[in-house]
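Enquirer: Fold the following for me, if possible:
(one chain, ligands or ions: 1)
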Amino acid sequence: MRKPFIAGNWKMNTDSQSSTALASGLAENLKSVTTVDVAVCPPFVYLQSVAKALGDSGIAIGAQDVYFEGNGAFTGEISCEMLKDVCCTYVLCGHSERRHVIGECDELINTKLKAALAAGIKPILCVGELLEEREAEKTDEVVTDQTKKCLAGVSAEEMANVTIAYEPVWAIGTGKTATAGQAQEVHAMIRKLLAEIYDATVAENTRIQYGGSAKPGNTAELMANPDVDGLLVGGAGLKVDDFSAMINTVA
Ligand code: PEP
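Expert: Down below sits the predicted model:
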């Protein structure tokens, strides 16, 4: 039985005051939720203050990216050890904005993901197709290729700490959500792929989140799919009431 997992990706939003206010509001609203795993991924510079504001609410903290080297002359980068030092449980790997805006490739994402696992941080691997790829009926091919390349060298045992987020790029921040049917189709395909790469146990146990304009109004419908185990939430994760409502819907 896969426990639902909902994570908020704050992207490059909030400031020192609003990040703390958002975290405090969520901590207050969600402290009694035990049936859903919840995490928030604030900007690096607010990780510590957000962790403090979350207190013992049970809401975990994640980073939006990480570098694979341990330490040293890597100007501007943040290591796994640094993330652990500020209480990060999770890290996003290969978010579409890092792929398509910053230019990260599958090989780099794979290196980061493996470094996170080696350090004891749980990666959330984001995969998803562009609009032109969906229109060209290449969704399965693109998602399969990304998943295989980004999980290369990851063992079945390590998969216990990996979450996959299916995020169709055309649905991120656009207000266009994949229909429940479109989400389920790709989630089921990813689960079948995990059975091929690993085995039935890994396929059965791996949590697959949907991301792309998820909001209170479509949470129930998306989460009703048998292979949708949670949500990766951008815009709606920046509002205490919306993010709380989504988690309460699932709880
Ligand atoms: C995201 O940033 O991962 C995301 C899904 O954003 P939004 O919910 O705003 O589409």
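Enquirer: which regions of the protein sit below the pLDDT cut-off?
Expert: Applying pLDDT under 70 to the chain picks out no residues at all.
Enquirer: Enumerate the residues of it near the ligand.
Expert: Contact residues (Cβ under 6 Å from any ligand atom) of the chain with the ligand: 9, 11, 167, 172-173, 211-214, 232-235. Placement of C-beta: from N, CA and C, glycine included.
Enquirer: 8 Å instead?
Expert: Residues of the chain lying close to the ligand (Cβ under 8 Å from any ligand atom) are 9, 11, 92, 95-97, 126, 165, 167, 171-174, 211-215, 232-237.
Enquirer: OK, contacts around Val91?
Expert: 62-66, 80, 83, 112, 116, 121-124 (Cβ atoms under 8 Å, 6 or more residues apart in numbering).
Enquirer: what about it, is that helix, strand or coil?
Expert: Three-state assignment for Val91 (DSSP: H, G, I helix; E, B strand; the rest coil): strand.
Enquirer: what's the distance between it and the ligand?
Expert: For Val91, the distance to the ligand equals 14 Å [Cβ to the nearest ligand atom, to the nearest Å].
Enquirer: what's across from that residue in the sheet?
Expert: Beta-bridge partners recorded for Val91 (DSSP bridges): Ala63, Pro123.
Enquirer: and the residue in the stretch 101-250 of the chain that the ligand sits nearest to, what is it in contact with?
Expert: Closest contact between the stretch 101-250 of the chain and the ligand, by Cβ to the nearest ligand atom, is at Gly234 (2.1 Å). Contacts here follow Cβ under 8 Å, 6+ apart; on that basis Gly234 touches 8-9, 11, 172-173, 211, 213.
Enquirer: hmm, try it at 6 Å
Expert: Contact analysis of Gly234 by Cβ atoms under 6 Å, 6 or more residues apart in numbering lists 9, 173.
Enquirer: Would you reformat the contacts of Val91 as CSV and include neighbour count?
Expert: Shown next, in CSV, are the contacts of Val91 (neighbours: other Cβ atoms under 10 Å):
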residue, neighbour count
Gly62, 24
Ala63, 23
Gln64, 22
Asp65, 20
Val66, 25
Cys80, 24
Leu83, 24
Lys112, 24
Ala116, 27
Ile121, 22
Lys122, 18
Pro123, 27
Ile124, 28
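Enquirer: is it possible to export those residues to JSON lines including distance to Ala160?
Expert: Formatted as JSON lines, the contacts of Val91 follow (distance: Cβ to Cβ, whole Å):
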{"residue": "Gly62", "distance to Ala160": "17"}
{"residue": "Ala63", "distance to Ala160": "20"}
{"residue": "Gln64", "distance to Ala160": "23"}
{"residue": "Asp65", "distance to Ala160": "22"}
{"residue": "Val66", "distance to Ala160": "19"}
{"residue": "Cys80", "distance to Ala160": "18"}
{"residue": "Leu83", "distance to Ala160": "19"}
{"residue": "Lys112", "distance to Ala160": "19"}
{"residue": "Ala116", "distance to Ala160": "14"}
{"residue": "Ile121", "distance to Ala160": "14"}
{"residue": "Lys122", "distance to Ala160": "9"}
{"residue": "Pro123", "distance to Ala160": "12"}
{"residue": "Ile124", "distance to Ala160": "14"}
